[in-house]
Each structure stands twice: as C-alpha cells, then as structure tokens.
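Trainee: need a structure here:
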Amino acid sequence: MIDLKFLRENPEVVKQNIKNKFQDHKLPLVDEVIELDILSRKAKQEADALRANRNTVSKQIGALMGQGKKEEAMALKEQVQKDASRLEELQAQEKELSEKVTKIMMTIPNIIDPSVPIGKDDSSNVEIQKYGDPIVPEFDIPYHTEIMEKFNGIDLDAAGKVAGNGFYYLMGDIARLHSAVISYARDFMIDRGFTYCVPPFMIRSSVVTGVMSFDEMEAMMYKIEGEDLYLIGTSEHSMIGKFIDTINEEDKLPYTLTSYSPCFRKEKGAHGIEERGVYRIHQFEKQEMIVVCKPEESKVWYDKLWQNTVDLFRSLDIPVRTLECCSGDLADLKVKSCDVEAWSPRQKKYFEVGSCSNLGDAQARRLRIRVKGKGGDKYFAHTLNNTVAAPPRMLIAFLENNLNADGSVSIPPALQPYMGGKTKIE
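Mentor: Next up is the predicted model:
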C-alpha cells in the first residue's frame, strides 16, 4: 500500500504507474481516493474544532456558574449538547470515509522501481544472466514422474484417492532426497548468517491482507471454515507477520530469517493443477528467506537474496538463469522482482524454481512495522523475500540434471552428507 500523502501530492505519478502495470480499470480510483480524503479531512477538521470549542466552553460554564450566572451557563450547556451530537456524527463519518479510503488504497498497486521493464505479462520478462552451462545429454530424459516411479519414489494414484489431484506420496530414496534438499537449504542459509525459524502454518486475516493483494489471496489461500485462520501459501507470509505492530530499533536491523514450512495453494487461474506431475500442486514444502531492513538498504539486500538462490543451485550442479519480471507480471505490492529458473534438459528450456521480491514499505505500512531512528523519528521498514528451495519442484531440476544414462541419479558432494554418504541412487 502506497503512502496516501504521496498519492495526494502525486496523483499523475500514481496514474502512470497504474498504466505501466496495465491496470487502466483502476485509474478512476485515484480521483475517488482524493475526493474521499478531502471529505475525511474536512470532517476531521470540523470535529477537532468542536473538541477545542467544547474545552473552551466548559471553562466558561464553570466560570459563569461561579459568578451565579446560571441562565447563561445553561444556554452554553445546550450548545455543548448540540455540538456533542454533531461531533458524534462527524466521528462516524470520518471513520466510514477512512475505511473507504483504506479499502481502495489496498487495491492501488505499489510504485514500481524505475529499472523494471514495462510489459503486459511474463512474456515480456527479461533475461539478466545465465549461470552454468545448460547441457542436453545424448540419451532421452523421461518425464520427472517417470524418473521417480523407477525408484518406486512417488504414488500419485493413491494420493488422488486420498486427497485428489495436486497431491502426492513421496517414498524411499526420492522422499529422502526431498528432505535432504530441504535440510541442505536450511544449513546453506544458516551458514550465510540467517536465523533459522519454523513459523506458524496458519495466519489470521489481518496478516493475510497485510502481506498480499486481494487478487493473490483469492487465487491462493485456503480458508479454515469457522475460524479467522488461513493455511499459508508460502512461509514468508507468517515470517513477515511476525513483525506486525512492532517498533524496531534501527541499530538492530536488518532482521534476516530463513524458514521451513509446508505450503498450501488453491492454484486457481490460468495455470491450474498438473494431472501427471508435481510442478504445480496444492501442497509442497519450502525453505524461504526474508529480510526486514532500513529503506536505503533494501536494494542491496535484493541482490544478495537472489544471489543466494543462484549459489545454492550451482552448488548442486544445476544450471540456472535470472529473469527480471516486467511491470505487468509484478503482484501489486511488489516494487521489483526477479525469478530464478533452472535448466530442464528434457524440455530444453528453463523453468521457474524461485522468486525474489522487494516490496518496499508496502507490507510494513499495512502491518504497521516501524523503525525507531536514533533521533527518535519513526518510519516504515522495507521487507523482502526469496525462495531458497521449494521441492518437489526443485526435485524436477535436480533429477533431470543429475540423471545418468543407466537410470541412476548422481548425488553432488554438497548433498551427500544428507543422503547418508550415498554418491548416487539407483
């Protein structure tokens, strides 16, 4: 959510930003907010004047009563009662207008960074850099579930009977590989100075609306019936929520946390759920990283975060590339975002395995995450998040890039301690 004062003073900038995100249907909202804000401030000014006048008149009434001027005092009391009735109306009006302004402001997209390429959808995302040489072996690489099935490592049919499409059973060495990747990603981030955390896997609506847009919420989140609770779609939601309604000392920033959690997603929309695979599913596990920092440090941390993911994948011999997300591919709260994509030898192309985002002060403004400066001044923090590793999607990249002609899968040295010393599974 952008600053109302900024919108008030820069309406054309906000409108151009809406156009850059190809959301022209939201353009009238800017003028609507300005009109509602004017009415809200007028109501507040009148209410403040009535409060000030009430204090003055109360003193006058006391003085008149002391002088025995009862009739004059009673006349003033009648005026105070009328003012009290008007004040009550104004307070209700002010609250109603303020709620309308906030609701609209929650739908106006954040101001994107000037470096973000302008484009309508992900087809306009721009490749930044490749890391590692993408290799296509001479032998055919099966579909990822076929690789897993050869190890008796996956059962989609049983999962379909138990929970439906979008769920899976992982077993044996494949299940162990899944856990090994998560454990390795955890230790990788701890070695980079991040504090490990296991967060709540459910969050309240006040946190949900603080960390994501309404469109994302509808497409992603599972609601717990009869409770003010949602299953998390990604662990940064509860991780950022950890700081709700806090005032943080400036010299203690940044907070750098890495978290493990299961994640649950409806996956509504154009992509849908895969029938055969585990690329887009309702349930998965994830190692995440988040940063809460001073505004002037968020650009530096953004580059550090996506680099962590690149380094982790390269340590497992998986070629990757980074893509700059264009304006139309950014969720409304994001200032800037890039995807990390892994090489698929089977498809002979890259596919998304992680996403890094700088959200500026949008989440902090919604969740009231403030920083207290050395001079006592308070300001909103900046928040960032990035995927470390999200198996089983990462397993697709791992299995394809480490598959051998004889059907075995090599285990890179970095992962061998987490696999009981195995150098390959076969």
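Trainee: tell me which residues in the helix or strand that contains residue 312 are buried?
Mentor: Remark: residue 312 resides in helix 298-315, with elements defined by DSSP states H and E. Counting neighbours by 16 or more other CB atoms under 10 Å, one finds that the buried residues in helix 298-315 are 298-299, 301-302, 304-310, 312-313. To be clear about C-beta, it is placed using only N, CA and C from the backbone, and glycine gets the same treatment.
Trainee: Give me the contacts around it.
Mentor: Contacting residues not belonging to helix 298-315 are listed as 131-132, 185, 188-189, 192, 254, 289, 291, 293, 320, 322, 336, 338, 340, 342, 353-354, 356, 358, 360, 382, 384-389, 397, 412, 414 [CB atoms under 8 Å, 6 or more residues apart in numbering].
Trainee: Might you calculate how far stretch 23-33 sits from the centre of the chain?
Mentor: Its chain's average C-alpha position is 23 Å from that of stretch 23-33, according to CA atoms, centre = their mean, to the nearest Å.
Trainee: Over to stretch 252-270?
Mentor: 7 Å.
Trainee: Go through it and flag the buried ones.
Mentor: Neighbour counts over stretch 252-270 (16+ other CB under 10 Å) mark 253-261, 263-267 as buried.
Trainee: Could you tell me the average pLDDT over it, please?
Mentor: Averaging pLDDT along stretch 252-270 gives 89.
Trainee: could you dump it to CSV, C-alpha only?
Mentor: Extracted in CSV, the C-alpha atoms of stretch 252-270 (Å, rounded to 0.1, in the frame of the first residue of the first chain):
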residue,chain,number,x,y,z
LYS,A,252,19.1,-3.9,15.4
LEU,A,253,18.3,-4.0,11.7
PRO,A,254,18.4,-5.9,9.4
TYR,A,255,16.5,-8.9,10.5
THR,A,256,17.5,-11.9,8.3
LEU,A,257,15.5,-15.0,8.7
THR,A,258,15.3,-18.3,6.9
SER,A,259,12.2,-20.5,7.4
TYR,A,260,10.9,-24.0,6.7
SER,A,261,7.3,-24.7,6.2
PRO,A,262,4.7,-26.7,4.3
CYS,A,263,2.7,-24.5,1.9
PHE,A,264,-0.8,-24.9,0.6
ARG,A,265,-2.2,-23.3,-2.5
LYS,A,266,-5.5,-23.4,-4.4
GLU,A,267,-3.7,-22.6,-7.6
LYS,A,268,-6.7,-21.0,-9.2
GLY,A,269,-6.3,-19.3,-12.6
ALA,A,270,-4.7,-19.9,-15.9
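Trainee: which regions of the stretch 151-300 of the chain lie under the pLDDT threshold?
Mentor: Under the criterion of pLDDT under 70, the regions of the stretch 151-300 of the chain flagged as low confidence span 268-275.
Trainee: Sketch out the strands for it, chain order is fine.
Mentor: 154-155, 169-170, 195-197, 202-203, 222-223, 230-231, 246-249, 255-264, 283-293 (DSSP state E, counting those that start in this stretch).
Trainee: ok, the first one: who's next to it in the sheet?
Mentor: In its sheet, strand 154-155 lies beside strand 169-170 (antiparallel), with partners assigned from DSSP bridges.
Trainee: Could you tell me how far the partner strand lies from the centre of the chain?
Mentor: With CA atoms, centre = their mean as the basis, the mean position of strand 169-170 lies at 28 Å from the chain mean.
Trainee: How about stretch 107-127?
Mentor: Counting by CA atoms, centre = their mean, stretch 107-127 is centred 16 Å from the centre of its parent chain.
Trainee: if you average pLDDT over the helix or strand harbouring residue 19, what comes out?
Mentor: Per DSSP H and E: residue 19 is located in helix 11-20. Within the predicted structure, the mean pLDDT of helix 11-20 is 98.
Trainee: Convert the C-alpha atoms of it to PDB, please.
Mentor: The C-alpha trace of helix 11-20 is given here as PDB (Å, rounded to 0.1, in the frame of the first residue of the first chain):
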ATOM      1  CA  PRO A  11      -1.700  11.700  -8.500                       C
ATOM      2  CA  GLU A  12      -0.300  11.700 -12.000                       C
ATOM      3  CA  VAL A  13       2.700   9.600 -10.900                       C
ATOM      4  CA  VAL A  14       0.300   7.100  -9.400                       C
ATOM      5  CA  LYS A  15      -1.900   7.000 -12.500                       C
ATOM      6  CA  GLN A  16       1.100   6.500 -14.800                       C
ATOM      7  CA  ASN A  17       2.200   3.600 -12.500                       C
ATOM      8  CA  ILE A  18      -1.200   2.000 -12.900                       C
ATOM      9  CA  LYS A  19      -0.900   2.400 -16.700                       C
ATOM     10  CA  ASN A  20       2.600   0.800 -16.600                       C
END
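Trainee: That helix - contacts with which helices or strands?
Mentor: The helices and strands touching helix 11-20, judged by 3 or more CB pairs under 8 Å, 6 or more residues apart in numbering; DSSP states H and E, are helix 4-9, helix 27-66.
Trainee: ok, of the ones you listed, where does mean pLDDT dip lowest?
Mentor: helix 27-66 - the lowest mean pLDDT of the helices and strands packed on helix 11-20, at a mean of 81.
Trainee: which residues of this protein fall in helices?
Mentor: In chain order, the chain shows helices spanning 4-9, 11-20, 27-66, 70-105, 144-150, 156-162, 172-191, 205-211, 214-220, 236-241, 298-315, 362-367, 393-402, with DSSP state H as the criterion.
Trainee: neighbouring contacts of the second one?
Mentor: Going back to what we said before, that points to helix 11-20. Residues outside helix 11-20 that contact it (CB under 8 Å, 6+ apart) are 2, 6-7, 24, 26-27, 30-31, 34, 108-109, 111-112, 118, 327.
Trainee: That helix: how far from the chain's middle?
Mentor: Distance of helix 11-20 from its chain centroid, counting by CA atoms, centre = their mean, is 22 Å.
Trainee: Pull out the buried residues from it.
Mentor: Neighbour count says helix 11-20 has 14, 15, 17, 18, 20 buried, by 16+ other CB under 10 Å.
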